[in-house]
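K.L.:
here's my sequence, what's the structure:
(one chain, ligands or ions: 1)
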Amino acid sequence: ELGEFDHYMQKEMFEQPQALGNTLEMISGAGQLQPGMFGAEAQAVFEQVDSVLILACGTSSYAGMTAKYWIEQVAGIPCNVEIASEYRYRQSVANPKQLVVVISQSGETADTLAALQHAKSLGHTHTLAICNVPESAIVRETALRFITRAGPEIGVASTKAFTTQLSALFLLTLLLAKANQRLSESDEKAYLDELRHLPVAVEKVLALEPSIKDWAQQFANKHHALFLGRGRHFPIALEGALKLKEISYIHAEAYPAGELKHGPLALVDAEMPVVVVAPNDEMLEKLKANMQEVSARGGQLYVFADGDSAVKSSEGVNVLMMPEHYGLLSPVLHVVALQLLSYHVALVKGTDVDKPRNLAKSVTVE
Ligand code: F6R
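P.N.:
Numbering: from 1, shown residues only. Below you'll find the predicted structure:
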């Protein structure tokens with residue numbers, strides 16, 4: 001089943017262009033944005049809701065965090081993201097006009113299912129599942145659903161499930177924006193074109209594997225790593241750190257880069273690799289100042305930059321240029337580079353990539 005690949009994780013990373021193409025099939029070619037993609041009642045619901053609450057665990061929660069930036073910026077409605085295991089036991093204030101979105105690859109995660117049931121018990125009726133398994137427990141319990149078409153994910157570390165979740169969440173963002181009269185025809189067309197081009201763009205990121213492999217050598221003997229990002233790329237830094245922890249067992253932490261001075265900078269020395277998600281967007285100038293703070297303490301920077309970015313390689317500053325700058329959807333490309341990095345670090349370390357110690361693919365007990 002592995003074919004030309006050594007691990008399921010590798011196979012699944014390389015399946016991402018196809019998985020995205022399948023998930024976005026409804027808008028391919030001349031296909032248009034249709035609320036029906038999320039269920040027959042979706043249009044009516046999208047017109048009624050005044051905010052979004054996303055509930056999920058692990059990697060799926062990072063997809064939700066990325067979507068928060070999209071939904072507030074593009075659709076102009078408030079969006080909060082909460083870890084399912086916290087939400088289910090917390091006394092919260094329910095707003096029945098809120099759209100509750102649960103995100104889960106498996107659709108069987110105990111805490112996410114319980115969080116959904118808790119939301120319903122509080123009076124929420126507008127519920128939506130973004131899930132990779134159509135017959136799963138979570139999908140059976142929501143009013144609306146979008147099934148990602150990543151295909152079965154065998155590797156414990158989530159890869160193609162995450163990027164397809166992001167693509168689904170971007171479609172949701174556009175539909176909410178439209179329902180909220182915030183999406184011009186020309187913007188809609190431009191965003192749909194970017195989505196359609198996404199598989200090709202991801203393909204180009206996968207082609208960076210040889211350079212990323214070289215970087216991985218330099219991580220294998222490290223005990224810690226820091227991941228930095230800002231804005232919609234902060235959740236991508238979180239996901240990059242989680243991937244590295246899970247499969248290479250290197251302790252990694254992610255911070256919004258602006259938080260450096262508020263603590264983590266104390267950890268930075270020549271032994272600390274610092275990975276920076278640094279697309280050429282509105283946050284780049286701020287991020288450059290943060291990188292300077294790391295360099296001044298002897299930290300080794302590994303920067304994923306793009307476009308005609310002015311970030312240049314120098315002593316202690318390693319820069320990898322992503323094939324293209326991708327605007328709002330850039331998190332989808334950057335995370336693929338980080339997946340490749342953690343995969344190759346794990347290979348150098350010789351860990352069991354597809355079955356990391358102590359972890360299960362589907363967490364059906366809390
Ligand atoms: C990390 C990973 C986990 C899952 C989490 C939720 O690589 O796979 O963090 O994302 O256990 O699982 P699902 O999405 O099935 O609810």
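K.L.:
tell me the mean pLDDT for stretch 340-349?
P.N.:
For stretch 340-349, the mean per-residue pLDDT is 98.
K.L.:
in that stretch, what's buried?
P.N.:
For stretch 340-349, burial by neighbour count (16 or more other C-beta atoms under 10 Å) applies to 340-347, 349. C-betas here are computed from N, CA, C, even on glycine.
K.L.:
try stretch 291-305
P.N.:
Buried residues in stretch 291-305, counted by 16+ other C-beta under 10 Å: 291, 294-295, 299-305.
K.L.:
what of stretch 43-62?
P.N.:
By neighbour count on 16+ other C-beta under 10 Å, the buried set for stretch 43-62 is 43, 45-46, 49, 52-62.
K.L.:
is A254 in a helix, a strand, or coil?
P.N.:
Three-state assignment for A254 (DSSP: H, G, I helix; E, B strand; the rest coil): strand.
K.L.:
what's the local residue count around it?
P.N.:
Residues lying near A254 (other C-beta atoms under 10 Å) number 25.
K.L.:
relative to the ligand, how far out is it?
P.N.:
With distances taken as C-beta to the nearest ligand atom, to the nearest Å, A254 is found 14 Å from the ligand.
K.L.:
right, and that residue touches K243 too?
P.N.:
No. Here A254 lies out of contact with K243, judged by C-beta atoms under 8 Å, at a distance of 10.6 Å.
K.L.:
can you list the residues of this protein near the ligand?
P.N.:
Applying C-beta under 6 Å from any ligand atom, one finds that the chain approaches the ligand through 57-60, 104-106, 109, 112, 157-158, 242, 246, 362-363.
K.L.:
hang on, the earlier thing: can you redo the buried residues of stretch 340-349 as CSV with secondary structure?
P.N.:
As requested, the buried residues of stretch 340-349 are arranged in CSV below (three-state DSSP):
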residue, secondary structure
L340, helix
L341, helix
S342, helix
Y343, helix
H344, helix
V345, helix
A346, helix
L347, helix
K349, helix
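K.L.:
which residues does the residue of the chain at minimum distance from the ligand contact?
P.N.:
Going by C-beta to the nearest ligand atom, the ligand is nearest to G58 of the chain, at 2.0 Å. Residues in contact with G58 (C-beta atoms under 8 Å, 6 or more residues apart in numbering) are 158, 242.
K.L.:
for P199, give its distance to T23.
P.N.:
P199 sits 10 Å away from T23, going by C-beta to C-beta, to the nearest Å.
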